[in-house]
Structures are given as C-alpha cells and as structure tokens.
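[1] A structural model of the following input is requested.
(chains A and B)
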Amino acid sequence: MNKLTVALLATTLAAAAPVMAGPVEDTLVLNEDITLVTRTAAPEHISDVLDEVISGWHFRGTETRAMQADDFDNPGMIFVEQAEEVWNTADGSEGKSCASCHGEAEDMAGVRPVYPKYNEAAGEVRTLEMQINDCRENRMGAEKWKYTGGDMVNMTALLASVSRGLPVNVAIDGPAQSTWEAGKELYYTRTGQLEMACASCHEDNYGNMIRADHLSQGQINGFPTYRLKNTKLNAVHARFKGCVRDTRAETFKPGSPEFVALELYVASRGNGLHVEGPSVRN
Amino acid sequence: MERTFLATLALTLSTLGLSAGEIAPTAVTFVDGSVEASLTGVAGDPTRGREIVGNKSMGNCVACHEVSDLSDVPFHGEIGPMLDGAGERWSEAELRGIVANAKMMFEDSLMPSFYKTEGFIRPGKAYTGEAADDTFGPLLTAQQIEDVVAYLSTLKE
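    The predicted model follows:
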C-alpha cells in the first residue's frame, strides 16, 4: 500500500468508528529521545482486578497526545521553567534556596517516583507537597505554600519532569501499609448522592464513554497535569476533589489525611508506569 | 378538619417538597425491585420525560445510556445498557422501580438512585463539594420520575 492509501484507509476507519473503545495503541516517545512506559503488567497487589495498567495518555486524542510528547509543545513545561527559577532563588530567614541543599533540580531524579513515602522522623506518610513545605518551614525559614497553589504545583511539576522515564515505585508495606489500606478503603467506597467510588469509573468502566468523556484508569503518574479544560497545571488532590465533588459528595480537603492515603493507594496502582508529569490531558 | 391542621399539613408537605398525594422517597414500596403505584397519581408526560432523559442538568440519563430516539442530543455514554426497546423489556412498574432506585433490583448497579434521600455516605450539596444541608432532596421529583417512566415506556424496537 502506498502512503496515500494508508492515510485514506485510516481516515475511513476513524470516521466509521462511532465511539472510542478502549485505550489507543500508541507509543509515547518524549522529545524523540526517551520512550516512556505507558502500559505495563499490573503490579501484584492489584493483579486480582487488573491485568494491565495504562496511562491516561492512551485515553486522550491524537493532538493531546502529541502535545505531551514534545517539551516545546507541552504548556506544562512553561511552569516547570518558572519553578526552576524558584528552585535557584533564596527565600526565608535562612537565606537558602532549594538548590543550596539539593543542587541542580536534575539531581532530584528518582524522588517523585517513590512519593507518597513514609517519613520515619515524622511517623507519617508524606506527599511530595508535604515534604516541600517541611523544607520551606524548617530548613529555609520560609512561608508554607498553599497545598494546591501555583507555587506548589509548579514545584511538583519540576520535580516530576526530572523523573520522567523512571517507573513509579511507591512502597505499600511496612509502616506505609495502614495508610495504604485506608486509601484502598476510600477507593472502593461509593460516596455522595450518586453513590460512586473511584473504582466505579476507573476500574469497572475504563475505556467506556461517560457522556463526552473517555474514562481512563485514573492513573496519577502524569501529575501534575496540564488540562486543556482549565489551561493550568492541576495538582492530584485538586483532581481528587473534583472527582469526589462530581459524585455529589462532601469532598475531603487537599492535603487531608484521607487524600494523602488515597494518593498513596492510587499511585501504587500505577507502580511500573513511568512518571510523565507534567502531562497534558483534556 | 380544622383550618390550622390543614395549614400545618400544607406547610409540612411543602417543606418536604411534596404535593398532596405524592409518595415520599422514604415511603416507596418496592416489590422485587418494582414499584406498582404511581408516585403522584398524575399520569407521566412522555414529552417532558424525553427532555429529562437527555438534559444534562436534569436526569442526564444519556451520560451513561445510549438512546437512538435522542440522537439530536450529542454524546451518549456506554456505561449502562442501551435504552432502545426499554418499553418492551420492562413493565411500567419495573421501569418505575429501576428509575426510582435501581439497586433494589440490581444490587451492585452503578446507576444513581433518582428517588432516594437516605443512606448516603458523605452526601453533598449538589455539585458544590460542600456537605448536604436542609435543601437536600431526591435527584428527580416524583412527577419527573413518572415523566421519565412514561417516556421509557414509549421506547419500543
């Protein structure tokens, strides 16, 4: 077949398909350089419910997928650049920047994939946001950032960006286990007047359309996410809040113990997928 | 009846958002998931029912169900079964039961219960994310349920 025939055939097939069924077959190659793992065998702890874990990237349209594949086209990278500047700027009473202790932002590769993570000294599971604020308050003598505010989400985008191409690998056993169990409980609880759990859409119905939305597995390896819908970076707890709100429920607050637990659990469902943040989604 | 009693009754009913003769969400009798009696005693209007099924801010049934008769409404979901022929597959009483509270017939159904006001976990105030307050009511009114049932009964293949 020549190229034109293939193109025509592809167009005909696309036109004939009334709805998108299941994830799109495609490969995410970042900046024509790194091939990211966007689908892989489900980690053992969820292998009873899923065979394969699939990044939300596969559930989005052609243009959206392409936008994420090139840093010059990815609007989320503008915020990464902003955070890079903040990374190198001293703030607070101690006159320190992030770089004073941590060096280059690139040196933080490998941090994002293991968060949320149990913090021995604090005796709790902490998200990256909690750890950033701990640094700001106790190392820099600076003001805490709002949990899902612009400064915070930009910084998490920077930290995610330098870990792109590394697999999510949160620990769920040992001291993190009880938090993980709490998150799992929440994942399967049908909340709100619509009585929907995370699992209702993202485990039982991924690949299906709900009105105009193509349901994904709700993986969070791509957070923070630049959403075309609101043209900004979205923190994972802000997304959780939006989802729970849409079940006509009273939501939990970003940064709450419930959402920290849920983040650990949902992150663990994506163990093995590569970090993609900042990703691009609808 | 005394006038004050009638006034009190009327006030109570209006507080509950009920008209005289309506069956309250907490008083609906299900038999094997079906509801035999009309919730209002007023015949449902299939035209209004059609509007409720397709309208995003009303029933929004097409969010999950495909309905060929509503092809003028864009984006039908594929979560629940197609509704074409629903009026043949189900009796009016079965349809009323399913629309009012599908979980009475199908225990694990994902379908929201449209005429139920109790037994929720963390119920909210509509889509605000805030806790439910005294404005909390069923997703559809008794007459809207009847209208939807009347419309679904017209869907024959």
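
[2] Close to chain B: what parts of chain A are there?
    Contact residues (C-beta under 8 Å from any C-beta of the partner chain) of chain A with chain B: A:19, A:189-196, A:200, A:204-205, A:208-212, A:241, A:244-251. To be clear about C-beta, it is placed using only N, CA and C from the backbone, and glycine gets the same treatment.

[3] Make a ChimeraX selection of whichever of the residues you listed turn out to be buried.
    Buried residues among the residues of chain A next to chain B (16 or more other C-beta atoms under 10 Å in any protein chain shown), as a ChimeraX selection:
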select /A:190,191,192,193,194,195,196,200,205,208,209,210,241,244,245,246,247,248,249,250,251
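
[4] So which of the residues of chain A next to chain B belong to strands?
    With strands taken from DSSP state E, the overlap with these comprises A:209-210.

[5] Count the residues that sit near residue A:256.
    15 (other C-beta atoms under 10 Å in any protein chain shown).

[6] do residue B:110 as well
    Using other C-beta under 10 Å, the number of residues around residue B:110 comes to 20.

[7] Spatially nearest residue to it, not counting backbone neighbours?
    Nearest residue to residue B:110, sequence neighbours excluded (C-beta to C-beta, 6 or more residues apart in numbering or on different chains): residue A:200, at 5.2 Å.

[8] Touching, that neighbour and residue B:108? I think so.
    No. Between residue A:200 and residue B:108 there is no contact under C-beta atoms under 8 Å: 9.9 Å.

[9] Tell me the confidence at residue A:22?
    Turning to residue A:22, the model gives it a pLDDT of 84.

[10] what do you get for residue B:21?
    Note for residue B:21: predicted pLDDT of 84.

[11] That one: helix or strand, and which one exactly?
    If you go by DSSP states H and E, residue B:21 is not part of any helix or strand.

[12] Would you quantify the distance from it to residue B:115?
    Applying C-beta to C-beta, to the nearest Å, the value for residue B:21 to residue B:115 is 15 Å.

[13] Then residue A:107?
    Residue A:107 is 58 Å from residue B:115, where distance means C-beta to C-beta.

[14] cool, and residue B:140?
    Residue B:140 is 6 Å from residue B:115, by C-beta to C-beta.

[15] So between these two, which is more surrounded?
    Shown here are residue B:140 and residue B:115; by other C-beta under 10 Å, residue B:115 has more neighbours (24 against 20).

[16] thought that one was touching residue B:39?
    Yes. Contact criterion C-beta under 8 Å: residue B:115 and residue B:39 qualify, at 7.1 Å.

[17] intersection of neighbour lists for the two?
    Contact criterion C-beta atoms under 8 Å, 6 or more residues apart in numbering or on different chains; residues shared by residue B:115 and residue B:39: B:28, B:100, B:142, B:145.

[18] Now residue A:198: closest residue in space, sequence neighbours ignored.
    Distances taken as C-beta to C-beta, 6+ apart place residue A:187 nearest to residue A:198, at 4.6 Å, with adjacent residues excluded.

[19] What about the closest residue to residue A:116 other than its chain neighbours, how many residues nearby?
    With C-beta to C-beta, 6+ apart as the criterion, residue A:116 has its nearest non-adjacent residue at 4.3 Å, and that residue is residue A:264. Residue A:264 has 27 neighbours, counted by other C-beta under 10 Å.

[20] Within range of chain A, give me the residues from chain B.
    Applying C-beta under 8 Å from any C-beta, we find that chain B lies next to chain A at B:56, B:60, B:62-64, B:74-79, B:110, B:112-113, B:120-132, B:136, B:139.

[21] Among these, which lie within helices?
    Among the residues of chain B next to chain A, no residue falls in helices (DSSP state H).

[22] Quick one, which of the residues you listed are buried?
    Among the residues of chain B next to chain A, those classed as buried by neighbour count (16+ other C-beta under 10 Å) are B:60, B:62-64, B:76-79, B:110, B:112-113, B:120, B:122-125, B:127, B:129, B:132, B:136, B:139.

[23] Follow the chain on from the lowest-mean-pLDDT helix or strand in chain A and name the next helix or strand.
    Counting by mean pLDDT, DSSP states H and E, chain A has its least confident helix or strand at helix A:3-16, which shows a mean of 42. Using DSSP H and E, the helix or strand that directly follows helix A:3-16 along the chain is strand A:29-30.

[24] Now do that next one: distance to the chain's middle.
    Distance, stretch centre to chain centre, for strand A:29-30: 17 Å (C-alpha atoms, centre = their mean, to the nearest Å).

[25] do stretch A:82-98 as well
    25 Å.

[26] buried sites along it?
    In stretch A:82-98, the ones that count as buried by 16+ other C-beta under 10 Å are A:82-84, A:87, A:91, A:96-98.

[27] For these, work out which two are farthest apart.
    Spanning the widest gap among the buried residues of stretch A:82-98 are A:82 and A:96, at 19.2 Å by C-beta to C-beta.

[28] quick one, what contacts residue A:39?
    Shown in contact with residue A:39 (C-beta under 8 Å, 6+ apart): A:23, A:52-55, A:58, A:273.

[29] In chain A, where is pLDDT below threshold?
    Flagging of chain A using pLDDT under 70 yields the residue ranges A:1-21.

[30] rerun that using 50 as the cut-off
    By pLDDT under 50, the weakly predicted segments of chain A are A:1-19.

[31] So for it, the centremost residue is which one?
    Centroid-nearest residue in chain A, with C-alpha atoms, centre = their mean: residue A:223, separated by 2.5 Å.

[32] Is that residue in contact with residue A:234, as I believe?
    Yes. Here residue A:223 reaches residue A:234: they are 7.4 Å apart, a contact under C-beta under 8 Å.

[33] Output the lowest mean pLDDT helix or strand found in chain B.
    Least confident helix or strand, chain B: helix B:3-15 with a mean of 50, by mean pLDDT, DSSP H and E.

[34] hang on, the earlier thing: select from the buried residues of stretch A:82-98 every entry located in helices.
    With helices taken from DSSP H, the overlap with those comprises A:82-84, A:87, A:98.
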